[in-house]
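Student: coords please:
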Amino acid sequence: MNEEKIVLEITSEMEEERIDKVLAQCMDTLSRSFLQKLLKDEKVAVNGKTVKANYKVKENDRVEFCIPPAVEPEIEPENIPLSILYEDDDVLVVDKPKGMVVHPAAGHYSGTLVNAVMYHCKDNLSGINGVLRPGIVHRIDMDTTGSILICKNDRAHNDIAAQLKDHSICRRYRAIVCGVIKEDEGTVCGPIGRDKKDRKKMAVTPDGKEAVTHFRVLERFKQHTYIECQLETGRTHQIRVHMASKGHPLLGDEVYGKASSKYKCQGQCLHAMILGFVHPVSGQYIETSAPLPDYFKHLLEIL
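Tutor: Numbers count the residues shown, from 1 in each chain. Next up is the predicted model:
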């Protein structure tokens, strides 16, 4: 694969901005650290001359740089125990534990769910999402527990992906949020996109993608509420962002909620309990339920 050449024309709105800031705004699919390294290594040119990060751009400047081809590491199968909720020749539903990353990425090339399912399924995984994400058609966060669906072949993958796209898959989560929610049930509608102030976070933003979360209260405590959330869409961090936007961030969520919690939750209290889908081959409706993990049940008892 050849490197990709990028050419940017500076407009009047960008004039006098530092080039590192301009690149971060224009190339939001690339990390800031990657862009900073390009500048440090003198790989970014303006009007044919390399510049440093503090260069202030001018209208009609021509910015050029190349993105080197991605080098995908070799991902090895690992004999990691799986909690299997359902399995047949086409799909696998597993109950992901807290702290496990779904697919390999920088800093996490082993110990992931992908490493585990590669060992369990051998060569029977869909290849649509490439070598880093074999069989992966959707994901949940590292600190979110519960149901995740793995596809064993491309036919199953395409079918499940279509169900995800038209929002026909049933995904019901359990969560503990901060504060007492007064209404018994409700719906949060708010488009979700990258946070303008912190690109590592998501936020409800006018130019984001449509996102809808339904919730109902299961139990109220003095300072917290136990709820069930049903996803109508599946945006990154959707439940976490939506509940935080209501003023009820998830207990333990250090990104969208309080920086620390006396309960030592090790991440947000969010569990993907119910997963329902139409089987891609038989056409039958399959529904699985992942039991609440011990840490979650313990917190409910404390509260």
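Student: hey, let's count contacts and neighbours off CA atoms from now on
Tutor: Fine.
Student: what about the stretch 1-150 of the chain, any weak spots by pLDDT?
Tutor: 1-2, 70-73 (pLDDT under 70).
Student: Just the helices from it, written as ranges.
Tutor: Assigned by DSSP state H, counting those that start in this stretch, the stretch 1-150 of the chain shows helices spanning 19-26, 32-40, 113-121.
Student: Output these in JSON lines; the columns should cover mean neighbour count and distance to E185.
Tutor: Below are the helices of the stretch 1-150 of the chain laid out as JSON lines (neighbours: other CA atoms under 10 Å; distance: least, CA to CA, whole Å):
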{"stretch": "helix 19-26", "mean neighbour count": "17", "distance to E185": "38"}
{"stretch": "helix 32-40", "mean neighbour count": "16", "distance to E185": "40"}
{"stretch": "helix 113-121", "mean neighbour count": "21", "distance to E185": "34"}
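Student: How confident was the prediction at the residue nearest the centre of the chain?
Tutor: Nearest residue to the geometric centre of the chain (CA atoms, centre = their mean): T236, 4.3 Å. pLDDT recorded at T236 is 93.
Student: I figured it hits M202, correct?
Tutor: Yes. The criterion here is CA atoms under 8 Å, and T236 meets it with M202 at 7.3 Å.
Student: for R220, what are its contacts?
Tutor: Residues in contact with R220 (CA atoms under 8 Å, 6 or more residues apart in numbering) are 180-181, 226.
Student: pLDDT weak spots in the stretch 151-300 of the chain?
Tutor: 259-260.
Student: show me where it has helices.
Tutor: Counting by DSSP H, counting those that start in this stretch, the helices of the stretch 151-300 of the chain are 154-165, 238-245, 294-302.
Student: and of these, who's closest to T50?
Tutor: helix 238-245 (39.9 Å; CA to CA).
Student: for that closest one, which positions count as buried?
Tutor: Within helix 238-245, the residues scored as buried using 16 or more other CA atoms under 10 Å are 238-244.
Student: re the thing from before, dump the helices of the stretch 1-150 of the chain into JSON lines; add distance to V7 as well.
Tutor: Formatted as JSON lines, the entries for the helices of the stretch 1-150 of the chain read as follows, by distance: least, CA to CA, whole Å:
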{"stretch": "helix 19-26", "distance to V7": "11"}
{"stretch": "helix 32-40", "distance to V7": "14"}
{"stretch": "helix 113-121", "distance to V7": "36"}
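Student: and the closest residue to L251 other than its chain neighbours, what does it touch?
Tutor: The shortest distance from L251 to any non-neighbouring residue, by CA to CA, 6 or more residues apart in numbering, is to V177 (5.0 Å). Contacts here follow CA under 8 Å, 6+ apart; on that basis V177 touches 224-227, 243, 248-251, 269.
Student: same deal with P77?
Tutor: Residues in contact with P77 (CA under 8 Å, 6+ apart) are 114-119.
Student: how far away is it from I148?
Tutor: Here the criterion is CA to CA, to the nearest Å. By it, P77 lies 18 Å from I148.
Student: Next: G179.
Tutor: For G179, the distance to I148 - CA to CA - is 29 Å.
Student: quick one, which of the two is more surrounded?
Tutor: Taking other CA atoms under 10 Å, G179 and I148 do not tie; I148 has more neighbours (26 against 18).
Student: Which positions are bridged to the more buried one in the beta structure?
Tutor: Counting by DSSP bridges, I148 is bridged to V94.
Student: Over to V212?
Tutor: C189.
Student: what about the residue lying closest to R155 once chain neighbours are set aside, neighbour count?
Tutor: For R155, ignoring the flanking residues on the chain, the nearest one in space by CA to CA, 6+ apart is P280 at 7.6 Å. Using other CA under 10 Å, P280 is surrounded by 18 other residues.
Student: oh, and call the first residue 691 from now on, that's how I've got it
Tutor: OK, 691 is where the count begins now, so the last one is P970.
Student: My read is that P970 contacts A851, right?
Tutor: No. Assessed by CA under 8 Å, P970 is found out of contact with A851, at 10.2 Å.
Student: do you know how far the closest residue to T802 other than its chain neighbours is from L990?
Tutor: Nearest residue to T802 in three dimensions, chain neighbours excluded: V791, at 4.9 Å (CA to CA, 6+ apart). Relative to L990, V791 is positioned 25 Å away (CA to CA).
Student: Over to E900?
Tutor: Plainly put, E900 is 32 Å away from L990 if you go by CA to CA.
Student: before we move on, the earlier item: reformat the buried residues of helix 928-935 into JSON lines and put distance to D751 next to each item.
Tutor: Shown next, in JSON lines, are the buried residues of helix 928-935 (distance: CA to CA, whole Å):
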{"residue": "Q928", "distance to D751": "38"}
{"residue": "I929", "distance to D751": "42"}
{"residue": "R930", "distance to D751": "40"}
{"residue": "V931", "distance to D751": "38"}
{"residue": "H932", "distance to D751": "40"}
{"residue": "M933", "distance to D751": "43"}
{"residue": "A934", "distance to D751": "41"}
